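Q: next input, structure requested:
(one chain, ligands or ions: 1)
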Amino acid sequence: NTRIVLASRPSGRVKSDNFRVEHQPIPAPGKGEVLLKILFLSLDPYMRGRMDDAKSYAAPVAVGNVMEGGTVAEVIASNNDHYAAGDIVLSHSGWQSYAISDGKGLTRLDPKLAPVSTALGVLGMPGFTAYAGLLTIGRPQPGETVVVAAASGPVGSAVGQIARIKGARAVGIAGGPDKCAFIRNELGFDAAIDHRAPDFPEQLKQACPGGIDVYFENVGGPVWDAVFPLLNSFARIPVCGLISQYSGIAPSETDRLPGVMRAVLTKSLTIRGFIQREFVDQRPAFLQAMPEWLRAGQVKYREDIVDGLTNAPEAFMGLLEGRNFGKLIVRVA
Ligand code: NDP
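A: Sure, this is the predicted structure:
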């Protein structure tokens with residue numbers, strides 16, 4: 001069994017020596033347990049938070065423990081009445097090639113319904129995050145303008161496409177011309193802006209002539225600075241992620257909080273943070289809607305699949321810098 005453990009906590013940017021590869025014998029399932037062979041491992045921005053011991057909504061990974069993560073796995077031996085060898089399941093087995101489970105928290109997947117890797121992306125946690133955050137907090141109305149960054153990734157790409165399904169204009173922000181071309185030409189966003197362009201704030205303004213009604217916040221930092229002056233009265237801002245800050249925040253020269261609070265008041269803004277699991281009661285509706293949108297071609301998705309578990313650390317460091325292009329997944333077996 002190959003596993004990747006947290007070797008040390010990063011200070012600032014993640015480095016490869018924050019991880020360690022270990023090899024152990026494949027474990028044997030005990031009474032009521034199953035042995036899982038991991039097929040796919042999801043790499044997600046939240047894992048950066050688990051590497052720190054700062055107080056957050058979830059406990060950190062302990063130094064020396066296997067890195068946490070969502071996985072798609074095959075049951076290869078079972079002492080559990082509910083699962084049989086050959087079943088494909090969604091599990092939370094972390095960065096390793098085999099795992100033991102008592103069956104709690106496993107979800108059986110039907111490979112005939114969709115490629116099983118989609119359970120980690122468009123049909124899984126990131127797709128659900130987009131659905132619940134946008135529709136519950138963002139509430140896009142026909143004709144409104146919705147802006148989202150990290151727009152070629154699993155959350156942002158779904159946000160923009162669902163916004164369009166609801167009749168809104170979708171303006172996507174992404175890093176580089178290839179991602180921008182993809183969200184505009186393949187995903188059908190109404191406009192795509194490269195946040196690395198020197199005149200990015202001006203381009204964003206041009207793309208939002210009627211201002212911004214919903215800003216789905218994924219990144220923070222300079223993108224937020226460019227969005228902020230364009231917010232309309234009664235704008236809604238689901239705060240989903242702040243990836244530009246995950247490796248530490250550069251000290252700001254000025255305290256911008258008073259200006260933000262003034263706008264919250266004078267423009268009646270709604271800024272609401274959320275963690276997707278708070279909306280668990282909406283999962284059935286999501287699992288109804290999203291497969292239909294996929295079948296109808298109203299939602300498209302892109303996966304970025306990296307081969308080999310030992311390449312996970314490098315791929316994860318790339319995710320935090322925008323080197324992934326689509327939902328980042330490691331093919332473990
Ligand atoms: P992505 O696959 O989109 O990967 C992250 C992307 O963020 C990168 O590809 C890069 O895209 C962009 N990025 C990285 N650094 C910066 C930066 N400094 N400025 C601007 N953009 C940057 O990730 P996900 O779709 O999985 O996640 C998107 C966001 O949603 C994250 O913030 C994540 O933490 C959050 N999230 C929150 C959840 C919740 O429950 N609240 C659940 C799931 C995700 P580009 O090259 O286009 O800039």
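Q: is the closest residue to Ser97 other than its chain neighbours in a bridge, and if so with what?
A: Excluding the flanking residues, the one nearest Ser97 by C-beta to C-beta, 6 or more residues apart in numbering is Thr2, at 4.7 Å. Any C-beta I mention is one placed from the backbone N, CA and C, and that applies to glycine too. Beta-bridge pairing for Thr2 (DSSP bridges): His23.
Q: list the contacts of Thr2.
A: Thr2 is in contact with 21-23, 96-97, 309-310, counting by C-beta atoms under 8 Å, 6 or more residues apart in numbering.
Q: please pick the buried ones from these.
A: Among the contacts of Thr2, those that count as buried by neighbour count (16 or more other C-beta atoms under 10 Å) are 96-97, 309.
Q: turn those into JSON lines, columns for distance to Val239 and pLDDT.
A: Formatted as JSON lines, the buried ones among the contacts of Thr2 follow (distance: C-beta to C-beta, whole Å; pLDDT from 0 to 100):
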{"residue": "Gln96", "distance to Val239": "32", "pLDDT": "98"}
{"residue": "Ser97", "distance to Val239": "36", "pLDDT": "98"}
{"residue": "Leu309", "distance to Val239": "32", "pLDDT": "98"}
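Q: give the contact list for the residue nearest the centre of the chain.
A: Geometric centre of the chain, nearest residue: Pro126, 4.5 Å, by C-alpha atoms, centre = their mean. By C-beta under 8 Å, 6+ apart, Pro126 lies in contact with 44, 120, 153-155, 158, 327.
Q: the strand or helix carrying it: which residues count as buried?
A: Per DSSP states H and E: Pro126 is located in helix 125-132. Neighbour counts over helix 125-132 (16+ other C-beta under 10 Å) mark 125-132 as buried.
Q: please name the residues that touch Val227.
A: Val227 neighbours (C-beta under 8 Å, 6+ apart): 147, 204, 212, 215.
Q: now the buried ones among the contacts of Thr2 in TSV, with secondary structure?
A: Shown next, in TSV, are the buried ones among the contacts of Thr2 (DSSP: H, G, I helix; E, B strand; the rest coil):
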residue	secondary structure
Gln96	strand
Ser97	coil
Leu309	helix
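Q: wait, which of the buried residues of helix 125-132 is closest to Gln245?
A: Distance ranking of these against Gln245, using C-beta to C-beta, places Thr129 first at 17.9 Å.
Q: what number of residues lie near Ala333?
A: Applying other C-beta atoms under 10 Å, we find 12 other residues in the vicinity of Ala333.
Q: I'd say it and Leu41 touch.
A: No. Ala333 sits out of contact with Leu41 when judged by C-beta atoms under 8 Å, with a separation of 10.0 Å.
Q: how much space between Arg9 and Ser268?
A: For Arg9, the distance to Ser268 equals 41 Å [C-beta to C-beta, to the nearest Å].
Q: same check, this time on Thr129
A: Thr129 sits 26 Å away from Ser268, going by C-beta to C-beta.
Q: what do you get for Asn232?
A: Asn232 is 10 Å from Ser268, by C-beta to C-beta.
Q: more neighbours: the two, which one.
A: Shown here are Asn232 and Ser268; by other C-beta under 10 Å, Asn232 has more neighbours (18 against 11).
Q: which residue packs closest to the more buried one, ignoring adjacent ones?
A: Nearest residue to Asn232 in three dimensions, chain neighbours excluded: Gly211, at 3.9 Å (C-beta to C-beta, 6+ apart).
Q: what sits against Ala99?
A: The contact partners of Ala99, by C-beta under 8 Å, 6+ apart, come to 27, 35-36, 38, 71, 73, 91, 93.
Q: looking at those residues, which is nearest the ligand?
A: Thr71 (15.5 Å; C-beta to the nearest ligand atom).
Q: just want the residue of the stretch 201-333 of the chain that's nearest the ligand.
A: Closest residue of the stretch 201-333 of the chain to the ligand, C-beta to the nearest ligand atom: Gly241 (1.9 Å).
Q: that residue against Val223, yeah?
A: No. Assessed by C-beta under 8 Å, Gly241 is found out of contact with Val223, at 11.4 Å.
Q: ok, the residue nearest to Asn232 to Pro229 distance?
A: Counting by C-beta to C-beta, the gap from Gly211 to Pro229 is 9 Å.
Q: possible to save the buried residues of helix 125-132 as CSV with pLDDT and distance to the ligand?
A: Below are the buried residues of helix 125-132 laid out as CSV (pLDDT from 0 to 100; distance: C-beta to the nearest ligand atom, whole Å):
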residue, pLDDT, distance to the ligand
Met125, 98, 6
Pro126, 98, 5
Gly127, 98, 9
Phe128, 98, 8
Thr129, 98, 4
Ala130, 98, 8
Tyr131, 98, 11
Ala132, 98, 8
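Q: between those residues, which is nearest Pro291?
A: Of the buried residues of helix 125-132, the one sitting nearest to Pro291 (C-beta to C-beta) turns out to be Gly127, at 10.3 Å.
Q: how about Ser117, phi and psi?
A: Backbone torsions for Ser117, taken as degrees, to the nearest 10, come to phi -60, psi -20.
Q: could you report the pLDDT at it?
A: pLDDT for Ser117: 98.
Q: quick check: nearest residue in space to Pro10, chain neighbours excluded?
A: Asn18 (4.8 Å).
Q: actually, Ile275.
A: Nearest to Ile275 is Tyr57, by C-beta to C-beta, 6+ apart, at 5.4 Å.
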